[in-house]
Structures are given as C-alpha cells and as structure tokens.
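Can you look at this prediction? I've put the sequence above it.
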Amino acid sequence: MSVIIRYRKVKRRNGRAHGENYRVYLDIYRRGMGREYEYPENLYVSKDYTKCDNILAVDRDSMDFALRLKTTFNLEILNNRYGFISNSKRKTKFYSYAKQVSEEKGKVVCYKSPLNKFKEFAGEDITFDDIDRDVIKKFMIFMRTNIAEGSAYTYLNLLKTIFSVAQDDGIIDRNPIKDARDEDKPKQQDSECIYLTQDEIKMLIKTEIDASEHVKWAFLFTCFSCLRIGDVLELNHSAISPEGILTFRPNKTKRTVIYQPLSKSALACIRKIEKIHDNGLVFWDLPKTEGPCNNKLDDWVVKAKIAKKIRWHKGRHTFACHWLSQGHSIYTLKDYMGHSSIKTTERYAHVIPIDKKKVVEELYDFEI
C-alpha cells in the first residue's frame, strides 16, 4: 500500500506562466488491486521534487495541495484496510443503490413497495451516512401509522437485506436495522394457512381443466411433493432416479442439494405428461412464471366447486399439513421441505391438531 507524488515533464502551454514544466500526479498502489494514477486538474510545478526537499516559493501552493491529496488517499486506503469506511462511500445514495441491488437479485417487484415506503419517509436523496438507528426507529413508527404490522415486518426485513449487502460492499460498517431494539421492531403476524383437504384434492383430480393439462398435474405434483413453483418449472427427468429419488438444489435458497423420495402419487402425476427429449423438462408446457400459473388455477378450482383462494404455494402448505396430520416428525418435514429453520416449519404445527393419543397408542402396543 503506497501513495507517491510523481512528476511528468510536459511541454509549455499557452496561457501558462513561465517555468511550469511538470505535471503533478499521484501513483497509488493498493495490495491486491494493482496500481492506479490520479491526475489532479491543473496541478503543475516548475521542477521535479522527487529528490529535492527545497520547494520554490512559486510551487508551494501546488505542493501543499498535492501533499494534502496524498494524505487523503492514504487515509482512505488505511480506513478500508482496517475496517473503517471512507466518507465518499458513506455518501452513497440509499435509494438508487437499493434499486440496483433489487435488480441484481432479480426481485424488483418484491422490493418495490418497501423501497417506495422508505422513499416516502426519507426522500430519494438520503445517503447511507444519514441513516442510523434513530432514523430506522422513526421509520418504524412511520410505517405503523401507514401499513399493517405484518407488512411493516416484511418491509423491514427486506430493507435489512439491502443494508447487509451494503455492509458487504464496504459502504457501511454496521447494519442500522440490526442495531435497532427488538421491542421497537414490527412483529411477524400469524397468517391463515390455507390448504386443501383430502376430499378437495380428490375433487381436483376428477375435475377437467380448461387450460393445459400440465397446470393440473404440475400443481397436484406440488401437493404430493412440496416443491416450490420455481423448482417445478425447472424439474427435469434427469433429476429423478429409477427408484423415484429426486435430487435437486432448491431454486430459492441454492444452499444444499436435497435428496427427496417421491410418493407414488407424485410419480403418477409425472407419468400423466408425455415425455419429450428436447430439453428433458417434466412439465414442458407450463407458463414460464408463477403469475400466469396461478391465473390458470383460478377457473379450475372454481370448476371443482372449491371455495378457497388457491395459489401455487398452497400446494406446498397442503403437503406439510397432511404430513403432520399423520403424526410424522416435524423435524423430518423440515429437512424434506428444505427449511433452514425449524421455526418456519412450526407454523404448520399450529394449523393441524395432532391426535396425541393416537400417536402414543401407535408408538407402544406391548402385551404386559
């Protein structure tokens, strides 16, 4: 790491005082980043001071400016090296940076509402340097007067992700949302978990769909396998072994590879679709995104005389609720569904009243 003042001899230019023959610039080297050069505008001196400490009176102002600039760059490099954040990075505008992060994540729609709400509160020009724990506390109060508690909880968590990315990028050293007191933060609200009963699934199986058959059997496959819509859209025959074991990396988390035995009903849904070899996709005639897939479900559910608002993710809820209703382990369900935390899986335990007496009787049945 070094910043060196260097001099480059230049030809005289019109309008320049006699003797200004050397342009002053900075030679900056950062370990791991290579060398770069900074050329301050209109900074010239009359001689090369590389090996000379006697600065002529005519050059003192220029050299003082060059030394101050060298100090500034040295401080910035040291701050970055030892974990401090430069002022220039802190001045990054939050809103424009957050929009860029949302685009990079491919979740512009997901982040649109929380970013607009923060812009409504703080304005479009607020910088990271302006945002601290107190600002976040005022924003949380602002949200409580404008939107529901559950929405405020979701918005705050999405914004927390933006600050975490900024922390990784060296723009801030602390996440102001993580620094906020827990008692000030909006609380997660328990939402109604809608799922299909056994009888409703039978009704769907019997009901013809006006849209592509792929929608019908792909959704029922979700009910029998708990795969998310993103994984169903990408499901390939090559991922399923002859023994019916599905091997895949979840599209949402990308964390670990999951090995998932498929039920007979799930495999039966796959066999309902003609197998083609162009790209190996199982459900090759589905709409490309979740929105159109959900739209295709609406008419089919109404036609089956099911009085519930069914979205694709409800198929995943259906699988979890039926699993627990049979008294099976919630921890095995957590692994099967690919949840990173048992808390995510526990929401289903509150929906299904487990028959504890039945479970205990099946567990021990000795003649004594």
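Yes, it's here. Numbers count the residues shown, from 1 in each chain.

Spatially nearest residue to residue 283, not counting backbone neighbours?
residue 218 (4.3 Å; Cβ to Cβ, 6 or more residues apart in numbering). The C-beta positions use only the backbone N, C-alpha and C, and glycine is treated the same way.

I'd guessed the one you found sits against residue 272; true?
No - if you go by Cβ atoms under 8 Å, residue 218 and residue 272 don't touch, sitting 9.7 Å apart.

Tell me which of those two has more neighbours.
Between residue 218 and residue 272, counted using other Cβ atoms under 10 Å, residue 218 has the larger neighbour count: 27 against 14.

got any ranges where the chain has weak pLDDT?
Low-confidence segments of the chain (pLDDT under 70): 1, 11-20, 30-34, 76-88, 189-192, 253-255, 277, 352-368.

Pop the domain breakdown of it in here.
Here the domain parsing of the chain from automatic domain parsing is 2-84, 90-184, 198-361.

Can I get the one helix or strand residue 154 maps to in PDB? Just the C-alpha atoms.
When elements are assigned from DSSP states H and E, residue 154 belongs to helix 149-168. Only the C-alpha atoms of helix 149-168 are listed here, as PDB (Å, rounded to 0.1, in the frame of the first residue of the first chain):
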ATOM      1  CA  GLU A 149     -48.000  -4.700  11.300                       C
ATOM      2  CA  GLY A 150     -47.300  -7.800   9.100                       C
ATOM      3  CA  SER A 151     -46.500  -5.700   6.100                       C
ATOM      4  CA  ALA A 152     -44.200  -3.500   8.200                       C
ATOM      5  CA  TYR A 153     -42.400  -6.600   9.400                       C
ATOM      6  CA  THR A 154     -41.900  -7.800   5.800                       C
ATOM      7  CA  TYR A 155     -40.700  -4.400   4.600                       C
ATOM      8  CA  LEU A 156     -38.200  -4.000   7.400                       C
ATOM      9  CA  ASN A 157     -36.700  -7.500   6.700                       C
ATOM     10  CA  LEU A 158     -36.300  -6.700   3.000                       C
ATOM     11  CA  LEU A 159     -34.600  -3.400   3.800                       C
ATOM     12  CA  LYS A 160     -32.300  -5.200   6.300                       C
ATOM     13  CA  THR A 161     -31.100  -7.300   3.400                       C
ATOM     14  CA  ILE A 162     -30.200  -4.100   1.500                       C
ATOM     15  CA  PHE A 163     -28.100  -2.900   4.400                       C
ATOM     16  CA  SER A 164     -26.400  -6.200   4.800                       C
ATOM     17  CA  VAL A 165     -25.300  -6.100   1.100                       C
ATOM     18  CA  ALA A 166     -24.100  -2.500   1.600                       C
ATOM     19  CA  GLN A 167     -22.100  -3.800   4.600                       C
ATOM     20  CA  ASP A 168     -20.500  -6.500   2.500                       C
END
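
Doesn't residue 35 lie inside a strand?
Yes - judged by DSSP: H, G, I helix; E, B strand; the rest coil, residue 35 forms part of a strand.

which SS state does the closest residue to it other than its chain neighbours fall under?
Closest residue in space to residue 35, ignoring its immediate chain neighbours: residue 29 at 4.9 Å, by Cβ to Cβ, 6+ apart. Classification of residue 29 using three-state DSSP returns strand.

Residue 29 is in contact with residue 37, isn't it?
No - in this structure, residue 29 is not within contact of residue 37 by Cβ under 8 Å, at 10.2 Å.

which of these two has more neighbours?
For residue 29 versus residue 37, neighbours defined as other Cβ under 10 Å are more numerous around residue 29 (13 against 10).

Apart from its chain neighbours, what residue comes closest to the residue nearest to the spatial centre of the chain?
By Cα atoms, centre = their mean, the chain has its centre lying nearest to residue 105, at 5.8 Å. Spatially, and ignoring its direct neighbours in sequence, residue 105 is nearest to residue 111 (7.8 Å; Cβ to Cβ, 6+ apart).

Can you tell me how far the one you found is from residue 229?
Distance, residue 111 to residue 229, by Cβ to Cβ, to the nearest Å: 20 Å.

who has more neighbours, those two?
Just comparing residue 111 and residue 229: by other Cβ under 10 Å the higher neighbour count belongs to residue 229, 23 against 20.

how close does the more buried one get to residue 311?
For residue 229 relative to residue 311 (Cβ to Cβ), the value is 9 Å.

sorry, back to before: wait, the residue nearest to residue 105 touches residue 102, no?
Yes - look at residue 111 against residue 102 with Cβ under 8 Å: they come within range, at 3.8 Å.
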